[in-house]
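Engineer: My questions concern the predicted model and sequence given below.
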Amino acid sequence: MPKKILYSIFVFCLAATSAGAQVSGGQRAFEFLRLPNDPHVSALGGMNVSNPDRNIAFALQNPSLMRPGLHNTLGLNYNFYYSGVKASNLQYGYHVPEINTSFALGVQYMNYGSFTQTDNIGNQYGDFKANDYAISLAGSRKYKEKWRYGVALKYAHSSLYDKKAAALLSDVGITYMDTANLWTVGVVAKNMGVTLQKYNPDNQAEPLPFDLQIGISKRFKYVPLRLMATIHHLYEWDIRYDNPADAETQNVFNGNDSNAKQKNYFADKLFRHFIFGAEFLLGKRILVSASYNHMRRKELAIADKPALSGFAFGIGLHLNKFRVQYARSHYHVSGAYNEIGFNISLNKLFGIGKTGDKIHWNATYPDWEMTTIAPTLEAADVSEN
């Protein structure tokens, strides 16, 4: 991997530290856009913009990861989130050789269920529902030998009781793929856009969930292992929750000393930007994933009983025509979130005759994955066709 790329990332991270402190959660509309869109993404800490695995979900994490190798791939997952919240995600990829462009469609839907409407003294007036959804269309093209660039356009809509909001957003991503040295670098600016409809027309529009992310992935040549790091919130340095309890210290009289010198928490502030992940291939068909999200652990773990908060694990079964992925994410000691999803190769599952030949339905394209994460897996797929 060229030293210039690593140096540029380092300089950019240093420049980002000059931004002022802000709380990362609960300050923006359409926060559901930050949620992972697939069990594989969940198993890697909730976001990943540099994994070149043949999973259509990563094309919605970083539009430049969409490529011909994901042609005619459908991704589906439907899960029960916490407290009866239902999460649904769909992704579909298609390559158009005439214009040398790969496209990805994504649909994200959150159903928060039914709520009882009451007034301030508890009188009930029936039920109401709340939901959010987003529809995205991404396009990606190759630049020279090792680069891809992509753009995604998204329409997001939110319905909370009788309040509705809508926004038009975009993601812009770049991927550098070095198949010789097995490095992948992804850079994405997410959720840039404008609000089309405000929850309250009389108020100023709420800010959108913008984020700037960089991901680095390294696959080892003689070991079926990939290590990854994703750096998020690069546009602001201090995303640490300012907990008043951290400033209190006990004096000799067992009282709280409000004038005590506060720590600067440099290491904590730094690592809240990082998500670390790893994947290990067992044989030809089973991929095991694990990750650690430092910000999630610090925000959701109980001090005297942190358990596995911030950790996530996953396992994938990779077959010729489809893949099954399971993930278990530990947000809080009270319970983990289980998720299951599927990636289906539609052109391998069924054909549509001569019409399919005209629209390249049955076409297969080489994927950079054959020289990165699992050459044995891809060789098995090719031999079975």
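Structural biologist: Thanks, I have it. Not measured: the values here are computed from a predicted model.
Engineer: Now the residue nearest the centre of the chain. Nearest residue, chain neighbours left out?
Structural biologist: Residue closest to the mean C-alpha point of the chain, counted by CA atoms, centre = their mean, is Met47 at 2.9 Å. Once flanking residues are discounted, Met47 sits nearest to Thr230: 5.7 Å by CB to CB, 6 or more residues apart in numbering. (Each C-beta comes from the backbone N, C-alpha and C, glycine too.)
Engineer: Check whether that neighbour really touches Val49, as I assumed.
Structural biologist: Yes - judged on CB atoms under 8 Å, Thr230 makes contact with Val49 at a distance of 6.3 Å.
Engineer: Which stretches in the chain count as strands?
Structural biologist: 73-80, 86-96, 101-118, 124-143, 147-160, 163-178, 183-197, 211-219, 225-231, 274-282, 286-293, 311-318, 322-332, 335-345 (DSSP state E).
Engineer: between those, which one is nearest to Ala205?
Structural biologist: The closest of the strands of the chain to Ala205 is strand 183-197. By CB to CB, the value is 4.0 Å.
Engineer: Render the CA-only coordinates of the closest one in PDB, please.
Structural biologist: The C-alpha trace of strand 183-197 is given here as PDB (Å, rounded to 0.1, in the frame of the first residue of the first chain):
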ATOM      1  CA  TRP A 183      -5.000  -3.600   1.000                       C
ATOM      2  CA  THR A 184      -8.300  -1.800   0.700                       C
ATOM      3  CA  VAL A 185      -9.000   1.800   1.700                       C
ATOM      4  CA  GLY A 186     -12.400   3.400   1.600                       C
ATOM      5  CA  VAL A 187     -13.400   7.000   2.200                       C
ATOM      6  CA  VAL A 188     -17.000   8.100   2.400                       C
ATOM      7  CA  ALA A 189     -18.900  11.300   3.100                       C
ATOM      8  CA  LYS A 190     -22.400  10.300   4.100                       C
ATOM      9  CA  ASN A 191     -25.800  11.900   4.400                       C
ATOM     10  CA  MET A 192     -25.100  15.200   2.800                       C
ATOM     11  CA  GLY A 193     -28.300  16.900   1.600                       C
ATOM     12  CA  VAL A 194     -31.300  19.100   2.300                       C
ATOM     13  CA  THR A 195     -34.500  18.800   4.200                       C
ATOM     14  CA  LEU A 196     -37.600  18.800   1.900                       C
ATOM     15  CA  GLN A 197     -40.200  18.800   4.700                       C
END
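Engineer: neighbours of Gly283, just the number please.
Structural biologist: Neighbourhood size, Gly283 [other CB atoms under 10 Å]: 12.
Engineer: Surely Ala229 and Phe274 touch.
Structural biologist: Yes - assessed by CB under 8 Å, Ala229 is found in contact with Phe274 at 6.0 Å.
Engineer: Check the gap between Tyr331 and Leu300 for me.
Structural biologist: The spacing between Tyr331 and Leu300, counted by CB to CB, to the nearest Å, is 5 Å.
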